[in-house]
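Predicted model and sequence below, questions to follow.
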Amino acid sequence: MTSTDGGFPPVEMTLPRPQEFHCKINISSPDLEFAKFQLKTPEQVLITLKGIPRPNDLRSEFLRFNPRLDSYGGPLPLARHIRTTALATGTRPDLTFTQLATHFFVFTAGDITTVHDSVDYVVWRPYCCLPKGKSDPMCIPQKIPEDDPVHRFSHIRCQNLTRPITYQSSGCVNNKTLPDKISSSTPTFDLSIVYGAELKEIEKARLGTGGLLKYEVDEGRIYPPRTKTLANVCLLNQPPRETRCHDTPAVGANSILGINLFAMWFWRNHNRMALTLAELNPCWTDEKLYQTARDINIATELQLYLYEFLPVLLGKVNLLRDSVISADGGFRDMYDSKIFPTQTSEYPYVLRWVHLMQEGRLKMYDTEGNYLKQVPIVNVTLRTGFLAIDDNLDYITQGSFRQASGKIDYTVDPDVGERIFGGLQHMSDVATNDLAKGRYFGFPPYVKYRKFCSGKTINSFDDLTDIIAADKLELLKDLYRNVNDIDLMAGIWLEQPVFGGFAPPTFYCVVVEQLLRSIKSDRHWYERPNRPHAFTKEQLQEIRKVSVSRLLCDVGDKVTRIQPRGFLRAGPAGYWGARQTTAALDGRHSTARRSRLDEMHKIAKSESRGKKPLSKIG
Ligand code: HEM
């Protein structure tokens, strides 16, 4: 028998179907010249991770959009088999990060991604495991092996999944060109998850006075306006009590809990900014107040991402070395008009690694820190209405900075690994999808990325020992017949963390490549002194002071006390964990490596005082 996800009632969607998605140009950025790049020409698509040659054979696979074969001409191992072999299932709290960190990370991912692919198999093609799926070329059902550790005991032998929707399959771009996944978000970090990607949408969301966005007050809490009908994207709302769903320019703002929370907080923050600016500048027009508040809001997101969150995940010293962050806090101008403002296909892809640090239980606390209750986090996706009842929003907010994230330890939470869509799919393992989707994006094997990142050619499994621990290498040898067959995601899953941080080195490499591309290609980048309406030096210094805890005190619900660094656990664990990395503390690094970490921290300190140039590390 196969799993049947067709048993759910038909649902109405407001999301445009791919046919209607047709080649829209994003014009929410301050000028069209900047925004027109959202539509890529085939040549531009080829820029993806510039430097990695796509071998011809791979390229033709890519064109057909089918997974490559292994080195011996056979099929690659089943994605679910790789996932259940490579990763353990379980829950362990992290000592460093809070849930707020993963909420924020998924929010920043939402700024550049789209929900179309998920909607495709959940709503439009729920039948890929049924006979009907056989005749639909978009279906790529994932086989569950007979000896699956979980489903050997169930009847489920198939997981519903569809191919990525591309600009080519949507008819936007000639389908003889390289397939490129569509995105309804803008490719720049510009809070398009809050402001949307289309001018007319954001115009609808503006109040028209004081630079404000429309808002509603409900039981003393401020929300974005609600949708007018119940036929909306909040598919898991449980009426009659749960009816709230936000009529925001980006539908993604109602999706995964973390996105939902931060979209609300940034919505409120916009209005807080606009009100403050209006008080200080009574003569300013609605337009000027709106644009300035938006600019500050975007700068706030970027400051939190680059300077508060990523330095802990990726290692501050590494980001300084690679010029992702500035050492002195002043202006910096890395703009290069020759660099194309786009996202590589790999950037959102590798972000999926973060699913491993997603905690499945959503714990709620009162303002005194007393534990109250919990729900599976996967049950509150597409369910904005849940936040607006029983003071849940207050309790979830409190929980966000009290509860640990999932530990970064080669483990996937049981809910994330079995039922990522809560009640919307019979069974869905997002980690299996993460691996499988890489094949349908046509990515080269993992070793090519190692070459790109380290310059080293990998000829055998043993060439990976400096980056993958011996026991994990054993797993890879069991799974793949040849080192050249390893999937990108499988390699990333099993790497040891980067020195001074928590993320795998290949993840680090792809993320940093993207961030530099974003900083250099965005002429509205907030740290630039030479852009239209640039911040003054003093204004930039104020932006530098933002913190996620400050944001929550300003716009969160009933946040009166919070640790200074809300992405990190309160107390010594969060503080020391972040400084020395728990990886070092729990023995994953040898004494030699630990002293290297200490050395790195010393270098970072002297660098931030501007005294000594950074040497190349690791
Ligand atoms: C409750 C937590 C989360 C849920 C329920 C969730 C769910 C999902 C689902 C269902 C998909 C689509 C999988 C597919 O069809 O291939 C997805 C993709 C993705 N997720 Fe998560 N996720 C969560 C947390 C996170 C976090 C913390 C991040 C952090 C970066 C993240 C980043 C991504 C990215 C970048 C994608 C790909 C999106 C795209 O390609 O357009 N997710 N997630």
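The structure has been received and is ready for your questions.

Next up, the contacts around Gly196.
Ser28, Ile202, Ala205, Thr248, Pro249, Ala250 (Cβ atoms under 8 Å, 6 or more residues apart in numbering). Yep, even glycine has a C-beta here, placed from its N, CA and C like the rest.

show me what contacts Thr98?
Residues in contact with Thr98 (Cβ under 8 Å, 6+ apart) are Ser400, Phe401, Arg402, Gln403, Ala404, Ser405, Gly566, Phe567, Leu568, Arg569, Gly574.

let's go with 10 Å and repeat that
104, 359, 399-405, 548, 563, 565-570, 574 (Cβ atoms under 10 Å, 6 or more residues apart in numbering).

which of the residues you listed are buried?
Buried subset of the contacts of Thr98 (neighbour count, 16 or more other Cβ atoms under 10 Å): 104, 359, 399-405, 548, 563, 565-570, 574.

hmm, back to that, which ones among the contacts of Thr98 are found in strands?
Among the contacts of Thr98, DSSP state E puts Ala404, Ser405 in strands.

can you narrow the contacts of Thr98 to ones near the ligand?
Taking Cβ under 6 Å from any ligand atom as the test, the ligand is in contact with none of the contacts of Thr98.

Contact partners for Ser337?
Contact analysis of Ser337 by Cβ under 10 Å, 6+ apart lists Lys520, Ser521, Arg523.

Contacting the ligand as well, which ones from the residues you listed?
Checked against the ligand using Cβ under 6 Å from any ligand atom, the contacts of Ser337 give no members in range.

which of the residues you listed lies closest to the ligand?
Nearest to the ligand, judged by Cβ to the nearest ligand atom, of those is Ser521 at 19.8 Å.

contacting residues for the residue of the stretch 501-618 of the chain found nearest the ligand?
The stretch 501-618 of the chain approaches the ligand most closely through Val511 (10.0 Å), counting by Cβ to the nearest ligand atom. Counting by Cβ under 10 Å, 6+ apart, Val511 makes contact with Leu310, Leu313, Leu314, Leu319, Val324, Thr344, Glu346, Tyr347, Val350, Leu351, Trp353, Ala503.

Just to be careful, could you list which of the residues you listed are in helices?
In this view, these that belong to helices under DSSP state H are Leu310, Leu319, Glu346, Tyr347, Val350, Leu351.

Of these, just say which sits nearest to the ligand.
Of all those, the ligand sits closest to Leu351, with 3.6 Å by Cβ to the nearest ligand atom.

what's the burial count for the closest one?
20 (other Cβ atoms under 10 Å).

first to last residue in stretch 517-536, what's the distance?
End-to-end span of stretch 517-536 (Cα to Cα, to the nearest Å): 24 Å.

in it, what's buried?
Neighbour-count burial for stretch 517-536 [16+ other Cβ under 10 Å]: 517-528, 531, 534-535.

And stretch 131-145, by the same measure?
By 16+ other Cβ under 10 Å, the buried positions in stretch 131-145 come out as Gly133, Met138, Cys139, Ile140, Pro141, Gln142, Lys143, Ile144.

Those: which two are farthest apart?
Greatest spacing in those, by Cβ to Cβ: Met138 and Ile144 (20.1 Å).

returning to that earlier point: mark which of the buried residues of stretch 131-145 are part of strands, please.
Members of the buried residues of stretch 131-145 lying in strands (criterion: DSSP E): Gln142, Lys143.

mind putting the buried residues of stretch 131-145 in JSON lines, distance to the ligand and pLDDT included?
Below are the buried residues of stretch 131-145 laid out as JSON lines (distance: Cβ to the nearest ligand atom, whole Å; pLDDT from 0 to 100):
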{"residue": "Gly133", "distance to the ligand": "15", "pLDDT": "94"}
{"residue": "Met138", "distance to the ligand": "12", "pLDDT": "88"}
{"residue": "Cys139", "distance to the ligand": "13", "pLDDT": "92"}
{"residue": "Ile140", "distance to the ligand": "10", "pLDDT": "95"}
{"residue": "Pro141", "distance to the ligand": "13", "pLDDT": "96"}
{"residue": "Gln142", "distance to the ligand": "10", "pLDDT": "97"}
{"residue": "Lys143", "distance to the ligand": "16", "pLDDT": "97"}
{"residue": "Ile144", "distance to the ligand": "16", "pLDDT": "98"}
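
and the buried residues of stretch 517-536, which two are the farthest apart?
For the buried residues of stretch 517-536, the farthest-apart pair by Cβ to Cβ is Arg517 and Phe535; their separation is 22.2 Å.

residues from the stretch 1-150 of the chain in reach of the ligand?
Proximity of the stretch 1-150 of the chain to the ligand (Cβ under 6 Å from any ligand atom) is limited to residues Thr102, Phe105, Val106, Ala109, Thr113, Thr114, Asp117, Ser118.

and Ala274, what element?
helix 257-280 (DSSP states H and E).

what are the ranges of the strands in this structure?
For the chain, strands defined by DSSP E occupy the ranges 88-89, 93-98, 142-143, 158-159, 216-218, 221-223, 361-365, 371-376, 404-406, 411-412.

Export the ones you listed as TSV, with columns for distance to Tyr335.
Output for those, formatted as TSV (distance: least, Cβ to Cβ, whole Å):
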stretch	distance to Tyr335
strand 88-89	45
strand 93-98	32
strand 142-143	43
strand 158-159	44
strand 216-218	39
strand 221-223	36
strand 361-365	41
strand 371-376	44
strand 404-406	34
strand 411-412	40
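
Relative to Lys477, how far out is Ile543?
Ile543 is 49 Å from Lys477, where distance means Cβ to Cβ, to the nearest Å.

more neighbours, the two?
Neighbours of Ile543 and Lys477, each counted by other Cβ under 10 Å, are more numerous for Ile543; the result is 18 against 14.

residue contacts, the spatially most central residue of the chain?
Residue closest to the average C-alpha location in the chain (Cα atoms, centre = their mean): Ala109, at 2.9 Å. Contacts here follow Cβ under 10 Å, 6+ apart; on that basis Ala109 touches Ser185, Ile193, Gly252, Ile256, Gly258, Ile259, Tyr347, Pro348, Leu351, Arg352, Val354.
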